[in-house]
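[1] have a look; sequence and predicted model below, questions after that.
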2 protein chains.
Amino acid sequence: MTSGLPSRIIALAGGVGGAKLAQGIALAADPAALTVIVNTADDFDLYGLRICPDLDTVMYTLGGIADPVQGWGVAGDTTRTLEALAAYGEDPWFKLGDRDFATHILRTERLRAGRPLSDVMAALCGSLGIASRILPMTDDPVATIVRTPDGDLEFQEYFVGRRQQDEVTGFRFAGIREAVPAPGVLDSISDAEVIVLCPSNPFVSVGPILDVAGIREALGRAVAPIVAVSPIVGGTAIKGPAGKMLASLGHEVSALGVARLYAGLVDGFVIDRQDADLVPAIESLGMRTLVTEAIMGGPEDRARLAAETVSFALPTIAAP
Amino acid sequence: MTSGLPSRIIALAGGVGGAKLAQGIALAADPAALTVIVNTADDFDLYGLRICPDLDTVMYTLGGIADPVQGWGVAGDTTRTLEALAAYGEDPWFKLGDRDFATHILRTERLRAGRPLSDVMAALCGSLGIASRILPMTDDPVATIVRTPDGDLEFQEYFVGRRQQDEVTGFRFAGIREAVPAPGVLDSISDAEVIVLCPSNPFVSVGPILDVAGIREALGRAVAPIVAVSPIVGGTAIKGPAGKMLASLGHEVSALGVARLYAGLVDGFVIDRQDADLVPAIESLGMRTLVTEAIMGGPEDRARLAAETVSFALPTIAAP
């Protein structure tokens, strides 16, 4: 390890934003130093296949094959299978590429054979040459239900099908009470040197991870410092519906609004330069702050933010 | 109906050769006049998906989207999904195209939901605009086991995996005793005006169809004339292992060898000009003969052979 960064780093992540910072950590530190604990509450079944959007986004990103523009799916992927499904009368509302389908087909086959999701993902990640560990938060099925004035919506129906247009009045994570952390999740938290909450949606990405029995408690007991990177910059979400959710649930739509959600859990909070005026209010919540460029571009930029974030968490180590 | 051909024609078919003649019948007569009863004994599971090679070959051929060179699969199909499966460490021994995968994915989803195969195929064929009826011989699982000196082989292992190199000492159709004909199969046979045994393998394509409980008896009771087209021309199979199977099972490798297998079942037998010398021996089995060009090229050629075959079966109607 010549990076100067620790050898046991945990990232809690949802989809695109979380995957970018996780990739940054893998690039800045040793890839094998990184364990990503990934939200699975937006997993769902489509065409009889098990789709795990966040796990796949993290896997494709760490595997270096993610689409660099949209952030999810496989770079350069074609959609022949989906077009053929449409020709059979199916609604192709959720975009799945041809290479992507291979992931869903194999995962579904192996899950049906009784293998746990964590085991299935480890094999897929190994085939892609990923040295980091990607763990689902749980091997048990959990499903995010979005409460709206029009009634409950399954997450992907809200997120993709209805393009996040509905006002959100709350969430429910079906199955969360029966879910137990996947093997390695609690141990990796207690063994960690640094724990990073990625710039993912605090309600539907980081939230479900924290709600799996024992994970929030493990974070509370962890010796490692815990830092979060704000998914809100300049009063809007970098990506996705976090801003709208904050607003409709009565929170301030700002990095401060997110910091309040993480108060008592994190030791430090990373915000963008344009939010520097929020430092006093955030620090009054009992957390240190790092002000930097918090919007990530390509891999170099991700590695820069990751190195800054980890060094900020552990101020006694030198920034690389 | 202006073709002069009957409005209720049944074809019993396996894969490529059967699909070609079935397409010829659909082209020569009204497509809606044709019901194809298709072998399902070489169906199998791969990557957790249900693959029905003969049904799909017939469907793609009648749908006008079959690969014109290899005869199976979809014309111009790509193999991105299969390549991605290989990247995950799977053996891509059985070629499946990306559009093809859509068929297997939807079929598997619907079968798992409890829909019978015949119902699933009817919906898929309807989406492809196929006016002919394509019926699986049965909705029940049947699996061809090929007996060889090295032991029993699953059919696709023998056929694709080991490239038909093994000596064949016999067959077994697992599940055939419990299988019942799919809805419509027996009725269509009793209502038929003409019944055609396509130039498919008599052992592993037509054979299993005949072995499903009640089908051979229904053919015996049928008022329609039954004619077969020889899959052997000039002492070799047009396609596939029929010739090798005839030889290793002690039959003559010729149209006569096939005619002997169908003696007592068919009223007429269609052979190629180069086998004209076999006419007396074949007719001595109690069947009429038609000598023509029995090797099919493109759609026009298929329609020509189909029209000749149906007209030969019903000598009182004029050839078109």
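    Perfect, I can see it now.
[2] how many other residues sit next to the nearest residue to A:Asp150 once chain neighbours are set aside?
    Ranked by C-beta to C-beta, 6 or more residues apart in numbering or on different chains and with sequence neighbours excluded, the top spatial neighbour of A:Asp150 is A:Asp166, at 6.3 Å. No exception for glycine: its C-beta is placed from N, CA and C like everyone else's. By the criterion of other C-beta atoms under 10 Å in any protein chain shown, A:Asp166 has 19 neighbours.
[3] A:Val146 is in contact with A:Asp166, correct?
    Yes - A:Asp166 is within contact range of A:Val146, at 7.1 Å (criterion: C-beta atoms under 8 Å).
[4] where do the contact lists of these two overlap?
    Residues touching both A:Asp166 and A:Val146 (C-beta atoms under 8 Å, 6 or more residues apart in numbering or on different chains) are A:Leu153, A:Tyr158.
[5] show me what contacts the residue nearest to A:Asp150?
    A:Val146, A:Thr148, A:Pro149, A:Asp150, A:Leu153, A:Tyr158 are the contacts of A:Asp166 under C-beta under 8 Å, 6+ apart.
[6] need the max-distance pair from those.
    The largest separation in the contacts of A:Asp166, counting by C-beta to C-beta, is between A:Pro149 and A:Tyr158 at 12.4 Å.
[7] quick one: contacts for A:Leu265?
    By C-beta under 8 Å, 6+ apart, A:Leu265 lies in contact with A:Leu210, A:Arg216, A:Leu219, A:Gly220, A:Ile226.
[8] which of the residues you listed count as buried?
    Buried residues within these, counting neighbours by 16 or more other C-beta atoms under 10 Å in any protein chain shown: A:Leu210, A:Leu219, A:Ile226.
[9] need the contact list for the last one.
    Contact criterion C-beta under 8 Å, 6+ apart gives A:Ile195, A:Val196, A:Leu197, A:Leu219, A:Leu265, A:Val266, A:Asp267, A:Gly268, A:Ala313 as the residues in contact with A:Ile226.
[10] report the beta-bridge partners for it.
    Beta-bridge partners recorded for A:Ile226 (DSSP bridges): A:Ile195.
[11] before we move on, the earlier item: for the contacts of A:Asp166, pick the one with the most neighbours.
    Going by other C-beta under 10 Å, A:Val146 tops these with 25 neighbours.
[12] surely it is in a helix?
    No - under DSSP: H, G, I helix; E, B strand; the rest coil, A:Val146 sits outside any helix and is assigned strand.
[13] excluding chain neighbours, what is closest to whatever residue of the stretch 201-320 of chain A ends up closest to chain B?
    Nearest to chain B, among the residues of the stretch 201-320 of chain A, is A:Pro299, at 21.3 Å (C-beta to the nearest C-beta). Of all residues not flanking A:Pro299 in the chain, A:Leu27 sits nearest, at 5.9 Å (C-beta to C-beta, 6+ apart).
[14] please, which helix or strand holds the one you found?
    helix A:16-28 (DSSP states H and E).
[15] break chain A into its domains for me.
    For chain A, automatic domain parsing gives the domain ranges A:9-141+A:176-313, A:143-174.
[16] what are the ranges of the strands in chain A?
    Remark: strands assigned in chain A by DSSP state E are A:9-13, A:34-38, A:44-46, A:49-51, A:133-136, A:143-148, A:151-154, A:170-174, A:194-197, A:226-229, A:232-233, A:236-237, A:268-272, A:288-292.
[17] including mean pLDDT, could those go into a markdown table?
    Below are the strands of chain A laid out as a markdown table (pLDDT from 0 to 100):
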| stretch | mean pLDDT |
| --- | --- |
| strand A:9-13 | 98 |
| strand A:34-38 | 98 |
| strand A:44-46 | 97 |
| strand A:49-51 | 98 |
| strand A:133-136 | 98 |
| strand A:143-148 | 96 |
| strand A:151-154 | 95 |
| strand A:170-174 | 96 |
| strand A:194-197 | 98 |
| strand A:226-229 | 98 |
| strand A:232-233 | 96 |
| strand A:236-237 | 88 |
| strand A:268-272 | 98 |
| strand A:288-292 | 98 |
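[18] any chance of those in CSV, with distance to B:Ile295 too?
    As requested, the strands of chain A are exported to CSV (distance: least, C-beta to C-beta, whole Å):
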stretch, distance to B:Ile295
strand A:9-13, 61
strand A:34-38, 58
strand A:44-46, 45
strand A:49-51, 42
strand A:133-136, 55
strand A:143-148, 57
strand A:151-154, 55
strand A:170-174, 60
strand A:194-197, 68
strand A:226-229, 69
strand A:232-233, 70
strand A:236-237, 66
strand A:268-272, 73
strand A:288-292, 74
